[in-house]
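> Below are the sequence and a predicted model for it; my questions follow.
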Amino acid sequence: MIPTRSRRETLSTTLACALGQEGVEHEVIVVDDASTDDTAERLAELHDPRLRIIRHAASRHVAATRNTGVWAARGAWVAFLDDDDLWAPHKLRLQLATASAQGAVMAYAAGVVVDPDRSLLATWAAPPPDGLLPMLLRGNWLPVGASNVIARTDVVKRLGGFDERLRHFADLDMWIRLADAGSAAACPEPLVAYVVHERNMLLADSRHVPGEFRLLTRKQRARARQYGVTPDRIFPDEMGVYRWVGWAHARAGRRLRASLWYLRASARRSPYGRRRSLRDAAFALRGDVPLDRPQVIDDRAAAQAGWLERLG
């Protein structure tokens, strides 16, 4: 299912990836969250029996939009795809086969990061399914998670769907709950691409991120204690969240906004250190992109992502 809002320019390619899945019988549900452009009109022009379109009269934001698709889903499995990301033509077939063979309630794959021209920026390996839950309690280690995961529809519904209080962390919260509900399966091949562009949701609406992080931390505190972990690594504390948002703005070339988020990070205690965030604020202002994790390209994964070149 694809949640969308006023992204007609990216939705067409994303939708083609979903409809172009090979070797599976599936339906594609697009939930239009009250788009203000001509998305509704463009969708109405499509006549594919596999396509179902649902429209919200007023915007309810991404978690509620995903839930609309979940509750409308009629298949045994539901797959999530953001309206600006890309799938390999064989994604669903491989993930379904892997999940079925391992009796899993969810499956995911490796992923890649590309720019709007589909030039490869980084490759992300799929984490091992063993120990996935403790890993997720430390941070969102599923590559392109909101466009990667497939899950048993009945399990997602039993869990109550996505937490509608969350936007930026609704996917991580769901993956944590799914991993707690049953086993996971991983495909080592990169089957999904995260497209970096200036209208990524994090860049368009950053102000809710710190408050959401505090809510997520409170919500998952009991599970974290059960597994002897705390939400660290990517999100060690609010400073880490501010650095994450600053990094996203820096990557998009928004120098001033990036620098301001790093300055906000410098005002909080953290293992990162105040001096590091001050230094990175200066780096971001001059156009550099500070990295807490190196962005690498694995040659084998890059070769396996050749399907990107074959997309229309």
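Cool, the structure landed.
> tell me which element Tyr262 falls in.
helix 255-266 (DSSP states H and E).
> Would you agree Arg118 is in contact with His197?
No: using Cβ atoms under 8 Å, Arg118 makes no contact with His197, being 11.4 Å away. For the C-beta atoms, the positions are set from N, CA and C on the backbone; glycine is no exception.
> related to what we said a few turns ago, tell me which residues in the helix holding Tyr262 are buried?
Of all the residues in helix 255-266, those buried under the rule 16 or more other Cβ atoms under 10 Å are Arg255, Arg257, Ala258, Ser259, Leu260, Trp261, Tyr262, Leu263, Arg264, Ala265, Ser266.
> and it, what does it pack onto?
helix 238-251, helix 274-285 (3 or more Cβ pairs under 8 Å, 6 or more residues apart in numbering; DSSP states H and E).
> ok, back up a step: okay if I get the buried residues of helix 255-266 as CSV plus distance to Arg138 and pLDDT?
Compiled in CSV, these are given as follows (distance: Cβ to Cβ, whole Å; pLDDT from 0 to 100):
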residue, distance to Arg138, pLDDT
Arg255, 30, 92
Arg257, 27, 89
Ala258, 25, 90
Ser259, 28, 94
Leu260, 27, 91
Trp261, 22, 88
Tyr262, 22, 89
Leu263, 26, 91
Arg264, 23, 87
Ala265, 19, 87
Ser266, 23, 88
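> in its sheet, what does the strand with the most length in the chain sit against?
Identified as the longest strand of the chain according to DSSP state E is strand 184-195. The strands beside strand 184-195 in its sheet (DSSP bridges) come out as strand 86-87 (antiparallel), strand 106-114 (parallel).
> Between those, which one is closest to Gly160.
Closest approach to Gly160 among those (Cβ to Cβ): strand 106-114, 15.7 Å.
> What is the subsequent helix or strand relative to the closest one?
Using DSSP H and E, the next helix or strand after strand 106-114 towards the C-terminus is strand 120-124.
> Just the angle for that next one relative to helix 238-251, thanks.
150 degrees (axes from the mean of the first three to the mean of the last three Cα atoms, to 10 degrees).
> Show me what the helix or strand following strand 120-124 packs onto, helices and strands only.
Counting by DSSP H and E, the next helix or strand C-terminal to strand 120-124 is helix 132-136. Judged by 3+ Cβ pairs under 8 Å, 6+ apart, the packing partners of helix 132-136 are helix 170-181.
> Show me the strands in the stretch 1-150 of the chain, by range?
Taking DSSP state E, counting those that start in this stretch as the criterion, the stretch 1-150 of the chain carries its strands at 2-4, 28-32, 51-55, 77-79, 86-87, 106-114, 120-124, 150-152.
> want to throw those into TSV with distance to Leu43?
Below are the strands of the stretch 1-150 of the chain laid out as TSV (distance: least, Cβ to Cβ, whole Å):
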stretch	distance to Leu43
strand 2-4	9
strand 28-32	6
strand 51-55	5
strand 77-79	19
strand 86-87	19
strand 106-114	25
strand 120-124	30
strand 150-152	23
